[in-house]
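K.L.:
When you get a sec, could you give me coordinates for this:
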Amino acid sequence: MTPSLFPEPASPRDTPGEMLIAHCDGGSRGNPGPAGYGAVIEDQSGRILARLSEFLGKRTNNYAEYSALLGVLAWCLENKHRRLRVIADSELMVKQMQGKYKVNSPDLRPLWEEARRRANQLEKFEIAHTLRGGNKLADQLANEAMDRGMGRNVNHASQTAPSAPAIPIQPKLTQPRTTLDHAQPPIQRQVLEGFVKNGVVHLLDGELPEGIFVKIIRE
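P.N.:
Now for the predicted structure:
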């Protein structure tokens with residue numbers, strides 16, 4: 001049989017979906033302290049499809065960064081988008097998701113595992129690092145979330161944004177969003193000996209745990 005000069009168009013299942021681009025950011029005022037995340041999801045033409053923003057209670061910066069990533073992945077899965085490129089200014093999270101850094105923190109590991117599980121449900125997933133200036137709108141949304149949780153006035157940049165349907169996480173990883181007075185474990189303080197060279201902290205014994213706040217005292 002002679003092949004047709006006008007072959008049948010490809011089935012929609014054979015055509016890869018559009019690659020979406022998500023900018024996400026998380027922050028904490030105190031680390032740990034009042035925390036929130038923000039994210040902006042765009043199509044390839046730059047049209048904004050969703051703005052995500054959530055107050056997380058008293059959490060660390062790294063927890064908030066992972067919460068932003070989880071929110072973006074949840075939105076894509078719920079809305080049947082299967083190709084995603086994430087841009088974040090958390091070098092730690094990006095390299096952990098890329099497999100370049102180990103995840104030693106017991107607080108971050110469940111978040112990392114859930115993010116990897118959701119990312120594996122996509123046809124294509126990429127994540128890249130940017131400086132904070134490349135994430136301005138996501139940073140603004142994260143700060144608005146923190147302001148809302150702290151009872152401050154908000155500019156409502158995301159007032160008309162589509163909401164992000166939640167995908168349950170087991171076990172539940174977030175605390176109630178409207179209060180900061182729930183009980184928190186006491187902060188453990190430890191004195192470590194080391195030195196600073198070229199802006200990098202070096203310990204004389206052991207390694208510095210992930211996600212901790214360091215105060216350097218010169219004797």
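K.L.:
Can you give me the end-to-end span of stretch 98-117?
P.N.:
The distance separating the two terminal residues of stretch 98-117, taken as Cα to Cα, to the nearest Å, comes to 13 Å.
K.L.:
Buried residues, it. List them.
P.N.:
Within stretch 98-117, the residues that qualify as buried are 103, 105, 107-108, 110-112, 114-115, counting by 16 or more other Cβ atoms under 10 Å. All C-beta atoms are positioned from the backbone trio N, CA, C, and that covers glycine.
K.L.:
I'd like those as JSON lines, with pLDDT and distance to residue 91 appended.
P.N.:
What follows is those, written out as JSON lines (pLDDT from 0 to 100; distance: Cβ to Cβ, whole Å):
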{"residue": "103", "pLDDT": "97", "distance to residue 91": "14"}
{"residue": "105", "pLDDT": "96", "distance to residue 91": "15"}
{"residue": "107", "pLDDT": "95", "distance to residue 91": "18"}
{"residue": "108", "pLDDT": "97", "distance to residue 91": "14"}
{"residue": "110", "pLDDT": "98", "distance to residue 91": "21"}
{"residue": "111", "pLDDT": "98", "distance to residue 91": "16"}
{"residue": "112", "pLDDT": "98", "distance to residue 91": "15"}
{"residue": "114", "pLDDT": "98", "distance to residue 91": "20"}
{"residue": "115", "pLDDT": "98", "distance to residue 91": "16"}
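K.L.:
which among those residues gets closest to residue 39?
P.N.:
If you rank those by distance to residue 39 using Cβ to Cβ, residue 115 comes first, at 13.1 Å.
K.L.:
For residue 142, see how far away residue 57 is.
P.N.:
Per Cβ to Cβ, to the nearest Å, residue 57 is found 14 Å from residue 142.
K.L.:
Between the two, which is the more surrounded one?
P.N.:
Between residue 57 and residue 142, residue 142 has the larger neighbour count (other Cβ atoms under 10 Å), namely 30 against 20.
K.L.:
Look at the nearest residue to the more buried one once chain neighbours are set aside and say how many residues are nearby.
P.N.:
Counting by Cβ to Cβ, 6 or more residues apart in numbering, residue 38 is the residue found nearest to residue 142 once chain neighbours are left out, at 3.7 Å. Residue 38 is surrounded by 30 other residues when neighbours are defined as other Cβ under 10 Å.
K.L.:
For residue 38, give the beta-bridge partners.
P.N.:
residue 25, residue 53 (DSSP bridges).
K.L.:
who are the neighbours of the lengthiest helix in the chain, in terms of helices and strands?
P.N.:
Using DSSP state H to assign secondary structure, the helix with the most residues in the chain is helix 61-78. If contacts are counted by 3 or more Cβ pairs under 8 Å, 6 or more residues apart in numbering; DSSP states H and E, helix 61-78 sits against strand 20-28, strand 33-42, strand 48-59, strand 83-88, helix 91-97, helix 109-119, helix 136-149.
K.L.:
As TSV, the ones you listed with distance to residue 130 would be great.
P.N.:
Formatted as TSV, the entries for those read as follows, by distance: least, Cβ to Cβ, whole Å:
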stretch	distance to residue 130
strand 20-28	8
strand 33-42	13
strand 48-59	17
strand 83-88	5
helix 91-97	9
helix 109-119	18
helix 136-149	10
